[in-house]
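*Asks:* Predicted model and sequence follow; I will ask about them next.
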Amino acid sequence: MRRIAMLIAAAAVPLAALIPQAATAAVGADKPTCASIPVAAPAGATIESVKAEHHAGGTVTFPPTPFSAPAPITDVPPYCEITVTLTHVGANDRVKVAVALPETGWTGRLQAVGGSAYTAGDFGAPLVQAVKDGYSGVTTDAGVPLTFLDTSWALTADGTVDKPLVTNFATRSVHEAALIGKEVTRKFYDRAVSYAYWNGCSTGGRQGYAEAQNHPGDFDGILANAPAVQWAQFAVATLWPQIVMNQERDFPSACVFNAFRQAAIKACDPHDGVTNGIVDRPDRCGYDPRTLVGKKVVCDGEEITVTAANAKVMRKIWAGPTDERGRRLWAGLPKGADPGWLAGTKADENGELSAPGFPVAVGWVQTFLKKQPGFDTSTITYSEFAELFRQSVKEYDDVIGTSDPDLSEFRRSGGKLLTYVGTDDQLIPPGGTLSYRQRVEREMGGAKRVDDFYRLFLAPGVEHCGGGSGPAPKDPLGALVDWVERGKAPATLAATATDASGRTLTRDLCPYPQVSRYRGHGDPSVAASYRCAHR
């Protein structure tokens, strides 16, 4: 690996920091032995334990998560999982780093996998998939629970923010996992990692950008999709739909929201030259929800008339949060995206609707800003929202904001950053990533120079980290590997989807700021019928 000297220097510690284990991983000509090894503690940390566990491989199954039920992974080679537990001086934390090492078929590559919502890593399917694909896999819990929406770890007993744990979650633990993953891999195989990759989406995407900004020597290639970059803004901005409904005292039902969504899709779908149920550029969709006022929609068998108040709520949600003077603070929900997550409503026993708020945003405001786990976010006024937005940026942008557009060190290190974002992302509106990319271009000499090391692709109709009505990239990690190892920068990303009839749809996603346009002839379900064009 071309940056090994830099990484060894960063990881160097006194010999006293090494904890001897019962045996090192014996490396033979055929297969290394699964056993504990001595691991160097990263600066400021102490290693508490190193444990090795052999896994037989074959078909590996996983328990369901709150958001999905991972499919079983077949034909997994036997692998060794080495878990390193460490703590930081004065932090009273306990961080686990897991390194999964295939006993056969290792390609010389390392792949680190990221987390989701308020978790820092994933010890399940992504780690096993990395093993199957010939990588040594690494992930970390950052010393916080693996429970997605739990933010209780961020407050100490006296009600103050636990800064060491927040630092772990924000930046420190991913960097340390990279160092530990490389060292364990080298000792297990008696050979250094040839190339190191990051693979993450959502929080995992944010972590990838944090690595490029703060530790540019850790990874040769970073795949960071639907990234929660500019977290200090995003985490408050996604509470905006709840604020709007409560302040306007109007709570459109799910079917009314869906009627607005479908009307926007119908109005803006043809802009890319073909009608296929997809808004390719929601930010350029001029549909006005007031055109639906007075129209009737059927909700659970009951006919409801869309009101002007409903349209006002939808307009504000799409437009995005504003301050007390009406100045735009952040991007809103994209037109064409499912409003249910950010603008969901629920009925009480009397049938009265209320807006519970997006859980990630609710947890951020309650725990990190108000420092009151039981705080009722439904009471927040427009002016209070604007103040919370400013507070979040002031207190946390330098901690977890992941908003630094200066990627010059990452570029100089030879790293490559690849990202795709769904235009129908219903959890992290894509406007934040587009804004960040534009800031990088201004900082670093324009789109052409930035494309040399950082490429962003929009996926029309794709939702958060995949799904939706549009084709999603089928092998973005493979495209990143080609870029890093063969110098083949991706001109497009091959994408696929399956429609309601079971037909396969293909599309070549275009690098930002280009957009996909129908050629005017050919099968609209086939990639060859489209071209990339500047808008």
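*Replies:* Sure, I can see it.
*Asks:* and K295, how many neighbours does it have?
*Replies:* The number of residues packed near K295 is 11, by other Cβ atoms under 10 Å. C-beta: built from backbone N, CA, C; applies to glycine.
*Asks:* Let's see the pLDDT reported for it.
*Replies:* We have a pLDDT of 96 for K295.
*Asks:* Ok, the one 4 residues further on next?
*Replies:* pLDDT for C299: 88.
*Asks:* start at 41 instead
*Replies:* Got it, first residue is 41 now, which makes that one C339.
*Asks:* Need the nearest residue in space to it, chain neighbours excluded.
*Replies:* C295 (4.0 Å; Cβ to Cβ, 6 or more residues apart in numbering).
*Asks:* The one you found: which element?
*Replies:* helix 294-308 (DSSP states H and E).
*Asks:* what's the offset of that helix from the middle of its chain?
*Replies:* Distance of helix 294-308 from its chain centroid, counting by Cα atoms, centre = their mean, to the nearest Å, is 26 Å.
*Asks:* I'd like the average pLDDT over that helix.
*Replies:* Here the average pLDDT along helix 294-308 is 97.
*Asks:* May I see the buried residues of it?
*Replies:* For helix 294-308, burial by neighbour count (16 or more other Cβ atoms under 10 Å) applies to 294, 296-301, 303-305, 307-308.
*Asks:* ditto for stretch 356-367
*Replies:* Buried residues in stretch 356-367, counted by 16+ other Cβ under 10 Å: 356-358, 360-362.
*Asks:* Also stretch 416-435?
*Replies:* Within stretch 416-435, the residues that qualify as buried are 417, 420, 422, 425-426, 428-429, 431-433, counting by 16+ other Cβ under 10 Å.
*Asks:* in the stretch 241-390 of the chain, which spans are helices?
*Replies:* With DSSP state H, counting those that start in this stretch as the criterion, the stretch 241-390 of the chain has helices at 243-254, 271-277, 280-288, 294-308, 348-359.
*Asks:* In helices, which of the buried residues of stretch 416-435 fall?
*Replies:* Taking DSSP state H, the ones among the buried residues of stretch 416-435 that sit in helices are 422, 425-426, 428-429, 431-433.
*Asks:* Show me what counts as buried in stretch 168-188.
*Replies:* Neighbour-count burial for stretch 168-188 [16+ other Cβ under 10 Å]: 168-173, 175-184, 186, 188.
*Asks:* which ones are touching the most centrally placed residue in the chain?
*Replies:* Against the mean C-alpha coordinate of the chain, by Cα atoms, centre = their mean, the closest residue is S242 at 1.3 Å. S242 sits next to 154-157, 265-268, 467-468, 504-505 when contact means Cβ atoms under 8 Å, 6 or more residues apart in numbering.
*Asks:* what do you get if the cut-off is 7 Å, keeping everything else the same?
*Replies:* If you count contacts by Cβ atoms under 7 Å, 6 or more residues apart in numbering, S242 has them with 156, 266, 268, 468, 504-505.
*Asks:* from those, which single one is nearest I77?
*Replies:* Nearest to I77 among the contacts of S242: S156, at 29.6 Å, using Cβ to Cβ.
*Asks:* hang on, that closest one packs against L186?
*Replies:* No. Counting by Cβ atoms under 7 Å, S156 stays clear of L186, with 9.7 Å between them.
*Asks:* End to end on stretch 153-170, go ahead and measure it.
*Replies:* Start to finish, the residues bounding stretch 153-170 are 9 Å apart (Cα to Cα, to the nearest Å).
*Asks:* ugh, typo on my part, it should be stretch 120-137
*Replies:* Terminal residues of stretch 120-137 lie 14 Å apart, using Cα to Cα.
*Asks:* Mind listing what's buried along that stretch?
*Replies:* So for stretch 120-137, counting by 16+ other Cβ under 10 Å, buried means 120-128, 131, 133, 135-137.
*Asks:* low pLDDT regions in the protein?
*Replies:* Low-confidence segments of the chain (pLDDT under 70): 41-70, 106-107.
*Asks:* give the contact list for the closest residue in space to V135 that isn't next to it in sequence.
*Replies:* Of all residues not flanking V135 in the chain, G183 sits nearest, at 4.1 Å (Cβ to Cβ, 6+ apart). By Cβ under 7 Å, 6+ apart, the contact set of G183 is 133-135, 205, 208, 213.
*Asks:* Same question for F163.
*Replies:* Going by Cβ under 7 Å, 6+ apart, F163 touches 138, 179.
*Asks:* can you check A96 too?
*Replies:* Neighbour list for A96: P118 [criterion: Cβ under 7 Å, 6+ apart].
*Asks:* one more time with 10 Å, if that's ok
*Replies:* The contact partners of A96, by Cβ atoms under 10 Å, 6 or more residues apart in numbering, come to 116-119.
*Asks:* State the pair within those that is farthest apart.
*Replies:* V116 and P118, at 8.1 Å, using Cβ to Cβ across the contacts of A96.
*Asks:* In terms of neighbours, single out the busier of those two.
*Replies:* Applying other Cβ under 10 Å to V116 and P118 shows that V116 carries more neighbours, namely 20 against 16.
*Asks:* Just to check, that one is in contact with F102?
*Replies:* No. V116 is beyond contact range of F102, at 11.7 Å (criterion: Cβ atoms under 10 Å).
*Asks:* Sounds good, over and out.
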